[in-house]
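Chemist: Sequence and predicted model, in that order:
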Amino acid sequence: QKEVEQNSGPLSVPEGAIASLNCTYSDRGSQSFFWYRQYSGKSPELIMSIYSNGDKEDGRFTAQLNKASQYVSLLIRDSQPSDSATYLCAVYFSGSARQLTFGSGTQLTVLP
Amino acid sequence: EAGVAQSPRYKIIEKRQSVAFWCNPISGHATLYWYQQILGQGPKLLIQFQNNGVVDDSQLPKDRFSAERLKGVDSTLKIQPAKLEDSAVYLCASSRTGNEKLFFGSGTQLSVL
């Protein structure tokens, strides 16, 4: 069973703090990893993709990937109330049918 | 570039009725996905098309759900008969190939009473 697990929420952080979101996945052969943000009542939107071990930074967002530990994380620096949303980790599992599998999401609230 | 188009935006039906959702992907995107998202959960893949062929439908409840993508462009997802547990948001997404980021439509919120 190929699974994507995210740390249980909800997560609350004060404005300006660093929010840390974590995700583990079951398929060691996975190569592509994504973080989507979903506002309440809206569709998921891609905020980060990462394919290689290490860190990838984009503005206030940093994705971290450790394939040996089967772990991917998202850091949000200088968190803003507008970052309040559900963050979904998604993984392309290896195999003949490359389906994008989502975790259950972590709800983040940034308190003003 | 136009995004993924979905309709209707909302649908309310009674159990045992049938319902259909429509999706038009981004032009040139070969891969089309239908996801089901139940409140409080992540999206669950129902079916994945590559052009007009099915790549994966292992999680599609085939006794009641069907989907088609004729001519490899737009797609229709049908539920017949609907059950209470089918209440969810049905998301259509597309990607250029089968290994890239997905672009989502606005979704159809289905309520089965």
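Modeler: Done, it's in.
Chemist: quick one: what helix or strand has the most centrally placed residue in chain B in it?
Modeler: Residue closest to the mean C-alpha point of chain B, counted by Cα atoms, centre = their mean, is B:Trp34 at 3.0 Å. Assessed by DSSP states H and E, B:Trp34 sits inside strand B:31-37.
Chemist: now swap in A:Leu46 and tell me
Modeler: Counting by DSSP H and E, A:Leu46 is part of strand A:45-50.
Chemist: For chain A, which residues are neighbours of chain B?
Modeler: A:4, A:32, A:34, A:42-46, A:49, A:88, A:90, A:92, A:97-105 (Cβ under 8 Å from any Cβ of the partner chain). For glycine as for every other residue, the C-beta is placed from the backbone atoms N, C-alpha and C.
Chemist: So what are the sheet partners of the strand holding A:Leu46 and their directions?
Modeler: The pairing partners recorded for strand A:45-50 under DSSP bridges are strand A:32-38 (antiparallel).
Chemist: any idea of the mean pLDDT in the partner strand?
Modeler: On average, the pLDDT along strand A:32-38 is 95.
Chemist: Check the residue nearest to B:Gly40 when sequence neighbours are not counted and give its pLDDT.
Modeler: Leaving out its chain neighbours, the residue that sits closest to B:Gly40 by Cβ to Cβ, 6 or more residues apart in numbering or on different chains is A:Ser104, at 7.8 Å. On the pLDDT scale, A:Ser104 is placed at 94.
Chemist: Same question for A:Gly54.
Modeler: 95.
Chemist: Quick one: low-confidence residue ranges for the chain.
Modeler: If you meant another chain, say so; for now it's chain A. Within chain A, the stretches with pLDDT under 70 are A:1, A:95-97.
Chemist: let's do chain B instead
Modeler: Ranges of chain B meeting pLDDT under 70: B:1, B:98-99.
Chemist: what ranges do the strands span in chain B?
Modeler: B:5-7, B:10-13, B:19-24, B:31-37, B:44-50, B:53-56, B:65-68, B:75-79, B:88-95, B:103-104, B:108-112 (DSSP state E).
Chemist: Partner strands of the fourth one, with direction?
Modeler: I take that to be strand B:31-37. Counting by DSSP bridges, strand B:31-37 is paired with strand B:44-50 (antiparallel), strand B:88-95 (antiparallel).
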